[in-house]
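Colleague: Curious how this folds, go ahead:
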Amino acid sequence: MLDPAYLLLSLLLLALIFAIARSIFYPSEIPPETPPPVDPPQRTSHNALSFTAASPQPQSSRAPAVASPCPAGSIAPAPEIARPEPDHLIMMRSGQPLSWSRRVSWEDRPEGAAAAIFLDTETTGLSARDELIEIAMIAFFYQPATGEILGVPEVYEAQREPTCPIRPAAAAVNGFTAEMLADKRLDYGRIEAMLQRSTTIIAHNAAFDRPFVVRLFPGARTLEWRCSMRGIDWRGHGMRSRKLQDLLSAHGLTPLTAHRALADAAACLALLQKTGPHGRAYLAELLANPPLRAPQLRRSRRATAAG
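Modeller: So this is what the prediction gives:
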């Protein structure tokens, strides 16, 4: 006869294994994180960013919190700060900077244009317990019928100090350390304002990025999500891989710093403006296909994070 204590211990062990497996294979179940009071705008080194992706620099002290610039139900204007030029983060195979974006204001939205955000993140790791540590967002206007990008009204990039350690495998890819992220905070009001102005979010491997973003910004759950990795028939177009760096190389594009959010986002958006074998921009093909559905968004985080 089995010892009751042994049987109880076995059941507890099975329950623990089940809980761990659930957290790994169902990342969309991450509970929303309650954001702190709106963080003060973070000043990025835009002079460095105009030519290369800036390495994060530690801050000596935490800036005081300020009143929320984005009350519920309203859209706050973007602060007047120097704008980085994402096209300067990408080099063509010839060694010349790529020029594809035209800077406009939100008020200069062309007639008939739609607004979307290309988004990329860096995280402390791949599991449901990990956290976002860097986010880049490039807002752009586009022509829905052709996928032509008509202008870029806003670019945002910032880092965030996590509450959990950075896993060695993640640090080896993105180069972040705990010291680099000390006191780094996001401007929640500005990010929410950008999301309110847009109807679509695009990411390369959106099933990976979405849970991290929705955890901090629940309103992003209601937007249409599209995946530039799965929403385009790359293999049907002769590509051997859907990984971002492989696709960029095949199209003569090179981000000055791989695996940093803004450089990768700018490079992928430039890739989507390239013309595919079908004679259309890749962005047009992505828009013609259905957006991601809930089952696709619950795919395992073990999929390669190509962005």
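Colleague: CA atoms for contacts and neighbours, from now on please.
Modeller: Noted.
Colleague: mind listing the strands for the chain?
Modeller: 90-92, 114-123, 132-142, 149-159, 200-203, 224-227, 253-255 (DSSP state E).
Colleague: so can I have a markdown table of those showing distance to R167, mean neighbour count and mean pLDDT?
Modeller: Converted to a markdown table, those look like this (distance: least, CA to CA, whole Å; neighbours: other CA atoms under 10 Å; pLDDT from 0 to 100):
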| stretch | distance to R167 | mean neighbour count | mean pLDDT |
| --- | --- | --- | --- |
| strand 90-92 | 28 | 20 | 49 |
| strand 114-123 | 9 | 25 | 96 |
| strand 132-142 | 12 | 24 | 95 |
| strand 149-159 | 16 | 22 | 92 |
| strand 200-203 | 23 | 24 | 98 |
| strand 224-227 | 25 | 22 | 97 |
| strand 253-255 | 24 | 24 | 81 |
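Colleague: out of those, nearest to H278?
Modeller: H278 sits nearest to strand 149-159 of all those, at 18.3 Å, using CA to CA.
Colleague: Could you check the angle that closest one makes with strand 114-123?
Modeller: Angle of strand 149-159 versus strand 114-123, following axes from the mean of the first three to the mean of the last three CA atoms, to 10 degrees, is 30 degrees.
Colleague: Okay, angle between strand 149-159 and strand 132-142 too, please.
Modeller: Going by the same axes, to 10 degrees, strand 149-159 makes 170 degrees with strand 132-142.
Colleague: Now do strand 149-159: which elements does it pack against?
Modeller: Under the contact criterion of 3 or more CA pairs under 8 Å, 6 or more residues apart in numbering; DSSP states H and E, strand 149-159 touches strand 132-142.
Colleague: what's next to the strand it packs on, contact-wise?
Modeller: Applying CA atoms under 8 Å, 6 or more residues apart in numbering, the contact partners of strand 132-142 are 109-110, 113-124, 148-162, 181, 194, 198, 212-213, 261-262, 265-266.
Colleague: which stretches of the stretch 101-250 of the chain form helices?
Modeller: Secondary structure of the stretch 101-250 of the chain by DSSP state H, counting those that start in this stretch: the helices cover 168-174, 178-181, 188-196, 206-216, 244-250.
Colleague: Identify each buried residue in the second one, please.
Modeller: Neighbour counts over helix 178-181 (16 or more other CA atoms under 10 Å) mark 178, 180-181 as buried.
Colleague: Now that helix: average pLDDT?
Modeller: Per-residue pLDDT over helix 178-181 has a mean of 96.
Colleague: now do the first one
Modeller: The average of the pLDDT scores along helix 168-174 is 93.
Colleague: list the buried ones in that helix?
Modeller: Under the neighbour-count criterion of 16+ other CA under 10 Å, helix 168-174 has 170-171, 174 buried.
Colleague: Pipe those residues into a markdown table and attach distance to P4 per row.
Modeller: A markdown table is the format used below for the buried residues of helix 168-174 (distance: CA to CA, whole Å):
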| residue | distance to P4 |
| --- | --- |
| A170 | 43 |
| A171 | 45 |
| N174 | 49 |
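Colleague: between those, which is nearest E285?
Modeller: Once CA to CA is applied, the member of the buried residues of helix 168-174 that ends up nearest E285 is N174, at 29.9 Å.
Colleague: shaky segments in the protein?
Modeller: 1-2, 18-101, 294-307 (pLDDT under 70).
Colleague: Which residues are in contact with Q273?
Modeller: Q273 neighbours (CA under 8 Å, 6+ apart): 147-149, 281-283.
Colleague: how close does H204 get to D264?
Modeller: 9 Å (CA to CA, to the nearest Å).
Colleague: between those two, which one's more packed in?
Modeller: With neighbours defined as other CA atoms under 10 Å, H204 and D264 compare such that D264 has more, 30 against 27.
Colleague: still on that earlier bit, need the max-distance pair from the contacts of Q273.
Modeller: Distance extremes for the contacts of Q273: the farthest pair is I149 and Y282 at 11.5 Å, using CA to CA.
Colleague: out of the helices of the stretch 101-250 of the chain, nearest to G276?
Modeller: helix 244-250 (11.9 Å).
Colleague: Packing partners of the closest one?
Modeller: Judged by 3+ CA pairs under 8 Å, 6+ apart, helix 244-250 is in contact with helix 261-272.
Colleague: other SSEs contacting the helix it packs on?
Modeller: The contact analysis (3+ CA pairs under 8 Å, 6+ apart) places helix 261-272 against strand 90-92, strand 114-123, strand 132-142, helix 244-250, strand 253-255, helix 282-288.
Colleague: hey, C-alpha coordinates of that helix in CSV?
Modeller: Taking C-alpha atoms only, helix 261-272 is exported to CSV below (Å, rounded to 0.1, in the frame of the first residue of the first chain):
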residue,chain,number,x,y,z
ALA,A,261,14.7,47.7,-30.9
LEU,A,262,14.8,51.0,-33.0
ALA,A,263,17.4,49.8,-35.5
ASP,A,264,15.5,46.5,-36.1
ALA,A,265,12.1,48.3,-36.3
ALA,A,266,13.4,50.8,-38.9
ALA,A,267,15.1,48.0,-40.9
CYS,A,268,12.0,45.9,-41.0
LEU,A,269,9.8,48.8,-42.0
ALA,A,270,12.3,49.5,-44.8
LEU,A,271,12.1,45.9,-45.8
LEU,A,272,8.3,46.1,-46.1
